[in-house]
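Chemist: Pasting the sequence and the predicted coordinates here, then a few questions.
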Amino acid sequence: MPHQEVDPKALMERTVTLISTLPHHLFISLKEAFMHKTGLFWFNTDLRMVDNPALVQASREVEHLICFYCLSPVSREKTSPNSLSAHRLQFLQESLTELDSNLQQLGQKLQVIYESAPEAIAQLITLHDISAIYRSSSPDYSINEDWRLLKERYSMIKFVQQGSSSLISPAQLTFPLEELPTSFTKFRRKVESIQINDAVAAPTSLPRPPTRITTSQWQRNFPAFRKNPSSLFSGGEVQGTKHLCNYFGRNLASSYKQTRNELDGMDYSTKFSPWLANGCLSARTVMTALSHYEQSVEKNESTYWIYFELLWRDYFHFYALKYGVRLFSFDGIKRQKPSTSYYAERYQKWCQGNTPYPIVNACMNQLNSTGYLSNRGRQLVASCFVHELNLDWRYGAAYLERQLIDYDVASNWGNWQYLAGVGSDPRGHRQFDLSKQAKVYDPGNVFIKKWAGENCSAILDSVDAADWPISDSATAERI
Ligand SMILES: Cc1cc2nc3c(=O)[nH]c(=O)nc-3n(C[C@H](O)[C@H](O)[C@H](O)COP(=O)(O)OP(=O)(O)OC[C@H]3O[C@@H](n4cnc5c(N)ncnc54)[C@H](O)[C@@H]3O)c2cc1C
């Protein structure tokens, strides 16, 4: 059976048109009957005003609105293995600050709550008699689980979610999610003809917060981190939009396909990912700018390839939605356990850029210093982790999750599954020849030198599985 879903935007427009034709007294009573008193808008990876249809819907349906973002305690714990890197925290703080200031221009205020989301929402429901909760749909399994549990627990509350994180919204898929192809190519063929909706304009007004709400001084309680004044990226919707205009304004899109595999620099790829991942920009906004460029400047294979890569992002988003918790399972979606083990020393060396592979070390040093790594670099470090170091891929994915400014749950874990041979790769085994890759992508050793890739120990293991010291000569033979 074809998957048929109502387009909520069209439905809303039709309803508004219908209601506006009613006599005034009927219109008022209908408005009162349908108006929910206090609504809650739960921001996640949609830290923006433009192309946020769920926010627009909330703005039309409630009298009072609480806009809130949850930073779970795990992200704040400095010693916790799940804590976020300073790069991620900085970008997030900048993005939240800007969102807060945009909300304030419409009489709103962002509440940032440092608790687990279900607990925070439960308290807000009780304190403010919430009657509707809104959010943008997300591929994040744990957020979706929270949402599901909240819906179960509060059946009297209206729960609204709208898809705006991907180019193609879940409602536009022409097949049920369970039938998502296991390869990207088959997915692309199925969706390429789908017309991508335009980005939705930002709301022009927002309902006020309830009077009883205390003003949140969230900046004071934000986790401490060492600020990097020369960070490559600044968070926020305005910065993201500036970067988007700058990228297309410099005609870089016309040569994207030729340059996208390079390792270093700001111009060889679009660098949209930090803003996309935090939701400061939506994929549809990027697509609108790309189409405009194609119409006004040039349309070629490179401009198509930007769309192609955005489709990869969509694919992993649907993949995460389809497979849920299996995105994080050792045997992946293939249910095939890779033969790996856990070597503490190898893991540490990989994280610190101290493996016997200079190209991998350079990439890890770049990642640790900037919070960003090229796509080629990510493939090389992941391949090394899985195939050369024989480590459990999930530890590598978790390390990137903490470090990457552009961390996106679906793209990160989906790509790692792919490279570990337990995901959507039809070839099933993708091991990069690291010295050949270094020759092709860093022929003059410039990248390796810049990121100190050669400052490393030539020895991979100094102890054996029983923690027994291995002599240098024995180790050298094994490598
Ligand atoms: C092991 C590994 C982990 C990764 N983790 C992440 C992650 O956490 N977050 C993330 O956004 N991307 C991730 N990627 C995908 C890709 O490396 C980055 O999206 C890209 O490097 C970001 O830089 P850019 O914006 O300049 O990309 P561009 O090359 O300019 O591509 C344009 C956009 O297309 C999307 N895109 C490009 N390549 C991919 C891809 N392979 N998978 C999904 N989307 C893609 C991104 O949104 C990107 O911003 C990962 C790739 C690998 C191999």
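Modeler: Structure's in. What do you need?
Chemist: Can you name the residues of the stretch 251-400 of the chain sitting close to the ligand?
Modeler: 260, 269-273, 276-277, 306, 309-310, 312-313, 316, 374-375, 378-379, 382, 400 (C-beta under 6 Å from any ligand atom). (Glycine included, C-beta is placed from N, CA and C.)
Chemist: Outside of stretch 369-381 itself, list whatever touches it.
Modeler: Here stretch 369-381 makes contact (C-beta atoms under 8 Å, 6 or more residues apart in numbering) with 85-88, 91, 231-233, 260-264, 268-269, 271, 274, 350, 359-360, 363-364, 366-367, 396, 400, 403-406, 415, 419, 432, 434, 437, 441, 451.
Chemist: Repeat that for stretch 429-444.
Modeler: Against stretch 429-444 from outside (C-beta under 8 Å, 6+ apart): 261-263, 357-360, 362, 376, 379-380, 383-384, 386-388, 418-419, 421, 445, 447-448.
Chemist: Now restrict the residues you listed to buried residues only.
Modeler: Neighbour-count burial (16 or more other C-beta atoms under 10 Å) applied to the contacts of stretch 429-444 gives 261-263, 357-360, 362, 376, 379-380, 383-384, 386-388, 418-419, 421, 447-448.
Chemist: Do I have it right that residue 247 meets residue 256?
Modeler: No - taking contacts as C-beta atoms under 8 Å, residue 247 lies outside contact range of residue 256: 9.5 Å.
Chemist: Name the residue closest to the centre of this structure, please.
Modeler: residue 408 (2.5 Å; C-alpha atoms, centre = their mean).
Chemist: ok, for it, nearest residue in space, not its chain neighbours?
Modeler: Excluding the flanking residues, the one nearest residue 408 by C-beta to C-beta, 6 or more residues apart in numbering is residue 277, at 4.2 Å.
Chemist: number of nearby residues for the one you found?
Modeler: Using other C-beta atoms under 10 Å, residue 277 is surrounded by 23 other residues.
Chemist: ok, now residue 260?
Modeler: Residues near residue 260, counting by other C-beta under 10 Å: 17.
Chemist: which residues sit in contact with it?
Modeler: 268, 269, 305, 309, 375.
Chemist: List phi and psi for it.
Modeler: Backbone torsions of residue 260, given as degrees, to the nearest 10, read phi -60, psi -20.
Chemist: Correct me if wrong: residue 71 contacts residue 113.
Modeler: Yes - in this structure, residue 71 is within contact of residue 113 by C-beta under 8 Å, at 7.5 Å.
Chemist: one step back: filter the contacts of residue 260 down to the buried ones.
Modeler: Judged by 16+ other C-beta under 10 Å, buried ones among those: 268, 269, 309, 375.
Chemist: ok, those vs residue 428, which is closest?
Modeler: If you rank those by distance to residue 428 using C-beta to C-beta, residue 375 comes first, at 20.3 Å.
Chemist: Tell me the pLDDT of that closest one.
Modeler: pLDDT for residue 375: 98.
Chemist: Likewise for residue 180?
Modeler: 96.
Chemist: all strands for this protein, in order.
Modeler: 36-43, 62-70, 110-113, 132-136, 158-162 (DSSP state E).
Chemist: As a markdown table, those with mean neighbour count would be great.
Modeler: Formatted as a markdown table, these follow (neighbours: other C-beta atoms under 10 Å):
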| stretch | mean neighbour count |
| --- | --- |
| strand 36-43 | 23 |
| strand 62-70 | 22 |
| strand 110-113 | 22 |
| strand 132-136 | 23 |
| strand 158-162 | 18 |
